[in-house]
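Novice: generate coordinates for the sequence data below:
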Amino acid sequence: MPRTRTTITTALAVLTMTTGCGAADMTKQASPFAAARGSKTVTLSVQSWVGAQANVAVAQYLLEHELGYRVDTVQVDEIPAWDALSQGRVDAILEDWGHPDQEKRYVEDKKTIVHGGGLGVTGHIGWYVPTYLAEQHPDITDWKNLDKYTSLFRTAESGGKGQLMDGSPSYVTNDKALVKNLKLDYQVIFAGSEAAQITQIRQFAKEKKPFLTYWYAPQWLFKKVPMTEVKLPPYKEGCDADAAKVACAYPHTPLQKYLNADFAGSGGRAADFLKKFNWTTEDQNEVALMIADRKLTPEQAAKEWVDGHTSTWKAWLSH
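Specialist: Residues are numbered from 1 along each chain as shown. Prediction:
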């Protein structure tokens with residue numbers, strides 16, 4: 001998955017604010033509030049993974065309760081979200097994992113999108129095993145030793161090879177290329193969605209079974225199922241430029257915000273607030289855990305976080 005996080009676009013089905021990855025192209029369903037000049041409305045793109053939903057939940061809560069805006073959220077997959085943002089169908093993307101081709105097209109060339117600053121969170125994708133397995137077999141955390149343990153990871157679906165669990169077949173991921181180019185005796189098996197992947201991981205962990213999975217941080221599940229990363233060949237700039245030849249780890253990506261250019265110039269306090277919105281991985285995980293594990297609504301989770309972190313968000317409202 002070269003510098004993208006399209007890999008992680010599947011909704012947790014339990015979340016009330018998502019509709020699931022693979023839904024109709026939401027860019028065709030423009031919000032009536034987007035680009036409504038002169039009105040106190042904001043439309044936010046909400047990606048389907050829970051960390052991104054945590055961002056939107058808190059931003060929406062503060063925009064509504066502190067600044068008096070009406071906020072609409074629209075779920076858009078990652079690439080279509082750039083088109084929607086460029087056209088003013090949404091006003092902001094609060095968590096982008098790196099799309100240099102889209103950035104060149106819309107920020108540099110068309111100038112219809114502007115950079116909104118860093119989110120404050122660094123994302124990383126990798127291969128993980130449960131920590132209880134890494135403690136039993138310490139050398140399993142080096143990719144060079146994975147073939148020694150193929151038998152531990154065999155499933156009915158993996159055809160005699162070890163299973164590497166991914167999310168949805170619609171994800172952009174380097175994993176098939178990595179397995180091929182590193183000459184590993186593994187088969188990439190797609191769980192179908194983030195929700196299905198989490199369900200499988202938790203079931204494996206409950207039974208203390210071995211598993212090897214594509215996963216990412218920040219993510220609340222690490223607090224429930226401790227996992228240890230398998231070291232892949234080190235990432236170097238450009239090593240993932242050719243998707244078919246990738247043989248290196250995924251990069252660490254400082255997550256970014258982007259605003260529609262017109263909104264950035266005329267969006268008043270809302271645009272200023274979204275540019276200043278910046279929090280930590282711990283903040284995001286705190287809200288994500290409330291939504292995904294405690295089953296709070298996004299608004300309830302946002303209110304609980306806001307009530308406990310006044311000094312943090314007050315700075316986002318300052319002129």
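
Novice: so, low pLDDT: which residues of the stretch 1-150 of the chain?
Specialist: 1-39 (pLDDT under 70).

Novice: now stretch 211-224: mean pLDDT?
Specialist: For stretch 211-224, the mean per-residue pLDDT is 93.

Novice: which residues in the stretch 151-300 of the chain form strands?
Specialist: Per DSSP state E, counting those that start in this stretch, the stretch 151-300 of the chain has strands spanning 162-166, 186-190, 213-217, 227-230, 252-260. These are given in chain order.

Novice: would you convert the ones you listed into a markdown table that also reports mean neighbour count and distance to R105?
Specialist: Every C-beta, even on glycine, is put in place using the N, C-alpha and C of the backbone. Putting the strands of the stretch 151-300 of the chain into a markdown table (neighbours: other CB atoms under 10 Å; distance: least, CB to CB, whole Å) gives the following:
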| stretch | mean neighbour count | distance to R105 |
| --- | --- | --- |
| strand 162-166 | 23 | 28 |
| strand 186-190 | 20 | 29 |
| strand 213-217 | 23 | 25 |
| strand 227-230 | 19 | 33 |
| strand 252-260 | 21 | 12 |
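
Novice: show me the contacts for the closest residue in space to G160 that isn't next to it in sequence.
Specialist: Spatial nearest neighbour of G160, chain neighbours left out: R154 (6.6 Å); criterion: CB to CB, 6 or more residues apart in numbering. By CB atoms under 8 Å, 6 or more residues apart in numbering, the contact set of R154 is 160-163.

Novice: K223 versus R154, what's the distance?
Specialist: Here the distance between R154 and K223 works out to 29 Å (CB to CB, to the nearest Å).

Novice: these two touch, right, F190 and Q163?
Specialist: No - using CB atoms under 8 Å, F190 makes no contact with Q163, being 10.6 Å away.

Novice: next, count neighbours for the nearest residue to A52 once chain neighbours are set aside.
Specialist: If the residues on either side of it in the chain are set aside, A52 comes closest to E95, at 4.3 Å by CB to CB, 6+ apart. By the other CB atoms under 10 Å criterion, the neighbourhood of E95 contains 24 residues.

Novice: I'd say E95 and L119 touch.
Specialist: Yes - E95 is in contact with L119 according to CB under 8 Å; the separation is 5.7 Å.

Novice: from the middle of its chain, how far away would the longest strand along the chain be?
Specialist: Counting by DSSP state E, the longest strand found in the chain is strand 113-130. Distance, stretch centre to chain centre, for strand 113-130: 7 Å (CA atoms, centre = their mean, to the nearest Å).

Novice: just the pLDDT for the closest residue to C239 other than its chain neighbours.
Specialist: Leaving aside its sequence neighbours, C239 sits nearest to C248 (CB to CB, 6+ apart; 3.9 Å). Looking at C248, its pLDDT reads 98.

Novice: do you know how far C248 is from L178?
Specialist: For C248 relative to L178 (CB to CB), the value is 8 Å.

Novice: tell me, what's touching those two both at once?
Specialist: Common neighbours of C248 and L178, using CB under 8 Å, 6+ apart, are L232.

Novice: which of the two has more residues huddled nearby?
Specialist: L178 (24 against 18).

Novice: sorry, back to before: need the strands of the stretch 151-300 of the chain in a markdown table (columns: distance to A241).
Specialist: Shown next, in a markdown table, are the strands of the stretch 151-300 of the chain (distance: least, CB to CB, whole Å):
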| stretch | distance to A241 |
| --- | --- |
| strand 162-166 | 21 |
| strand 186-190 | 21 |
| strand 213-217 | 20 |
| strand 227-230 | 23 |
| strand 252-260 | 15 |
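
Novice: for Y69, find the nearest of those.
Specialist: Counting by CB to CB, Y69 lies closest to strand 252-260 out of those; the figure is 14.5 Å.

Novice: ok, the closest one: who's next to it in the sheet?
Specialist: Take DSSP bridges as the rule and strand 252-260 pairs in its sheet with strand 92-96 (antiparallel), strand 113-130 (antiparallel).

Novice: if we can go back for a sec, name the helices or strands packed onto the helix or strand that the longest strand of the chain is followed by?
Specialist: Following strand 113-130 in sequence order, the next helix or strand is helix 131-136 (DSSP states H and E). For helix 131-136, the elements it packs on are strand 227-230, judged by 3 or more CB pairs under 8 Å, 6 or more residues apart in numbering; DSSP states H and E.

Novice: centre of the chain to the strand it packs on, how far?
Specialist: That offset, for strand 227-230, works out to 18 Å (CA atoms, centre = their mean).

Novice: D109: neighbour count?
Specialist: Neighbour count of D109, defined by other CB under 10 Å: 9.

Novice: go on, T131?
Specialist: 15.
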